[in-house]
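Chemist: Sequence plus the predicted model coming up.
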Amino acid sequence: MNINVKTKLFAGFSIVIALLILMASVAYMEIQTTNRNYQQLISEKMEKMMKMKQLEVMVQAAKGNMGSYLITGDPTSLTNFNKAHEEYKKLSIGLRRELTQKHEKELLVQLDGLEEQFYQLGQQAFQLKRSGDFKAYTKLISTTGREIISKFDKTSQQLVAVQQVELDNVQNSVSSKAQVIQILLVVVSGVAIIVAFVVALYNSLTISKPVAVLSGMAKRITSGDLKENEIMIKNRDEIGALAKAFQQMLTHLRTMIQQVSIVAEQVAVSSEQLTASAEQTSKATEHIAMTMQQIAFGMEQQVRNIEEQGKTVDEISSDVQLVTKRTKNVAAITAHTLQQVVKGNEIVQSAVAKMNTVNETIINLGEIVRTLGERSKQIESILEIITGIAEQTNLLALNAAIEAARAGEYGRGV
């Protein structure tokens, strides 16, 4: 089952929070239950103790009313004495129902008996007062009455002490429950801490450790280490997907580097071939330049020779004209010679015409040679440009060879 990182973290923290909520709920319920029971018990015990105190107060009230009646003879005191006795009986009956321990009921029975004895003592004292026997009821009250009141107080204190012991027991019980709650809180807190530690450890092993592995792999790749290493991460979450993508990226990067290395080697070979071709082109260019220089030099020699021939033709033309003049003079001397001269003149004129044609041709050839000389200079400039291009080609080929060598080194993972 694939569980993403968000779900893992949420589940872990949810478990811890659930344990804390459970702990708080159990503690709250126990505290509320204990508090409710304690308050109920305290209320019951206090109510009982209040009733016991009321019994004492009623007996003391009866005692006061009896003394008041014996001294003053006020009928209201007598009525209040009887009323206190009736209220005591009602209160005692209600208290007896609430008491649960046998010892408490026995003490209450003793109190009831003493109260009844005191009531009967009062009735006897009242009879003695009516009969006017002051000494008799005074002695009765000071002896028997005091003894009954003393016993009543002691018995009442015993009953209150019993209730106090029960109250102390309740407090001890509540303290014990509080200690149990504390132990429960400590145990649940310990369990929550252990679960939180286990969750944190699990998250550390399933999240932090794979992330550290990926970080180390990334550092190795940045340093140029592209060895075939499988990333051992088996998580079925985002980190596992990241590790798988990282592994694919590493494989593709290694393949790409290998392809770049192959291309770099091909570029290096091509650069070497280009360098060789550039060297051959440079040599051929130098050879062409030398050849063109030789051609230019030969053309200049030819131009000079043609100019010299032009001068020679001009000299011949001058000589022919001179001969023509002399032939005309000689023609007058002899007719035979004239005919010969006329024929010679025609031949000479034909030769002159041909020589003029030759002269014009030579002049045209001189212009052509000059044009060729200028073209040869242009060819020299072109050769210089070609030589510069060849040098730049050599530099480019050298740079391409260096870059290819560098690319080859990077491709080999050096």
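Modeler: Happy to help now that I have it. Numbers count the residues shown, from 1 in each chain.
Chemist: Please work out the average pLDDT along the helix or strand where residue 35 lies.
Modeler: Element membership for residue 35, per DSSP states H and E: helix 5-72. The average pLDDT within helix 5-72 is 79.
Chemist: try stretch 85-105
Modeler: 89.
Chemist: that older thread, tell me what the helix holding residue 35 is packed against?
Modeler: helix 75-98, helix 102-131, helix 146-203 (3 or more CB pairs under 8 Å, 6 or more residues apart in numbering; DSSP states H and E). Glycine gets a C-beta too; all of them are placed from N, C-alpha and C.
Chemist: now the angle from that helix to helix 146-203?
Modeler: 170 degrees (axes from the mean of the first three to the mean of the last three CA atoms, to 10 degrees).
Chemist: Run the angle between helix 5-72 and helix 75-98 for me.
Modeler: 150 degrees.
Chemist: Helix 102-131 and helix 5-72, what's the angle between them?
Modeler: Going by the same axes, to 10 degrees, helix 5-72 makes 20 degrees with helix 102-131.
Chemist: ok so, going back, which stretch among the helices and strands packed on helix 5-72 comes nearest residue 21?
Modeler: In terms of CB to CB, the element of these nearest to residue 21 is helix 146-203, at 10.0 Å.
Chemist: Just the CA atoms of stretch 161-175, as PDB, please.
Modeler: The C-alpha coordinates for stretch 161-175 follow below in PDB (Å, rounded to 0.1, in the frame of the first residue of the first chain):
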ATOM      1  CA  ALA A 161     -15.100  11.000  66.400                       C
ATOM      2  CA  VAL A 162     -16.400   7.900  64.500                       C
ATOM      3  CA  GLN A 163     -17.700  10.300  61.800                       C
ATOM      4  CA  GLN A 164     -14.300  12.000  61.800                       C
ATOM      5  CA  VAL A 165     -12.600   8.700  61.300                       C
ATOM      6  CA  GLU A 166     -14.900   7.900  58.400                       C
ATOM      7  CA  LEU A 167     -14.200  11.300  57.000                       C
ATOM      8  CA  ASP A 168     -10.500  10.700  57.300                       C
ATOM      9  CA  ASN A 169     -11.000   7.300  55.500                       C
ATOM     10  CA  VAL A 170     -12.800   9.100  52.700                       C
ATOM     11  CA  GLN A 171     -10.000  11.500  52.400                       C
ATOM     12  CA  ASN A 172      -7.500   8.700  52.400                       C
ATOM     13  CA  SER A 173      -9.600   6.900  49.700                       C
ATOM     14  CA  VAL A 174      -9.700  10.100  47.700                       C
ATOM     15  CA  SER A 175      -5.900  10.500  48.100                       C
END
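Chemist: That one: which residues count as buried?
Modeler: 162-163, 166-167, 170, 174 (16 or more other CB atoms under 10 Å).
Chemist: now stretch 107-118
Modeler: 107-108, 110-112, 114-115, 117-118.
Chemist: what's the spacing between residue 160 and residue 98?
Modeler: 14 Å (CB to CB, to the nearest Å).
Chemist: Which residue of the two possesses the greater neighbour count?
Modeler: With neighbours defined as other CB atoms under 10 Å, residue 160 and residue 98 compare such that residue 160 has more, 16 against 12.
Chemist: Hmm, the more buried one is touching residue 54, no?
Modeler: No. Look at residue 160 against residue 54 with CB atoms under 8 Å: they stay out of range, at 11.8 Å.
Chemist: Check residue 294 and give its pLDDT.
Modeler: You'll see residue 294 listed with a pLDDT of 73.
Chemist: Tell me, how many residues neighbour it?
Modeler: 10.
Chemist: Find the helix or strand that it is a member of.
Modeler: Short version, using DSSP H and E: residue 294 is in helix 238-331.
Chemist: In terms of residue numbering, what are the domains of the protein?
Modeler: 5-215, 255-411 (automatic domain parsing).
Chemist: So which of these is nearest residue 240?
Modeler: domain 5-215 (7.7 Å).
Chemist: The closest one: how far from the chain's middle?
Modeler: Chain-centre distance of domain 5-215: 61 Å, with CA atoms, centre = their mean, to the nearest Å.
Chemist: about what we covered before: can you list the domains of the chain in a markdown table and add distance to residue 249?
Modeler: Below are these laid out as a markdown table (distance: least, CB to CB, whole Å):
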| stretch | distance to residue 249 |
| --- | --- |
| domain 5-215 | 11 |
| domain 255-411 | 10 |
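Chemist: weakest of these by average pLDDT?
Modeler: Looking at the domains of the chain, the bottom one is domain 255-411 with a mean of 68.
Chemist: quick one, what contacts the residue lying closest to residue 87 once chain neighbours are set aside?
Modeler: In this structure, residue 87 finds its nearest non-sequential neighbour in residue 58, 5.8 Å apart by CB to CB, 6 or more residues apart in numbering. By CB atoms under 8 Å, 6 or more residues apart in numbering, residue 58 lies in contact with 84, 87-88, 91.
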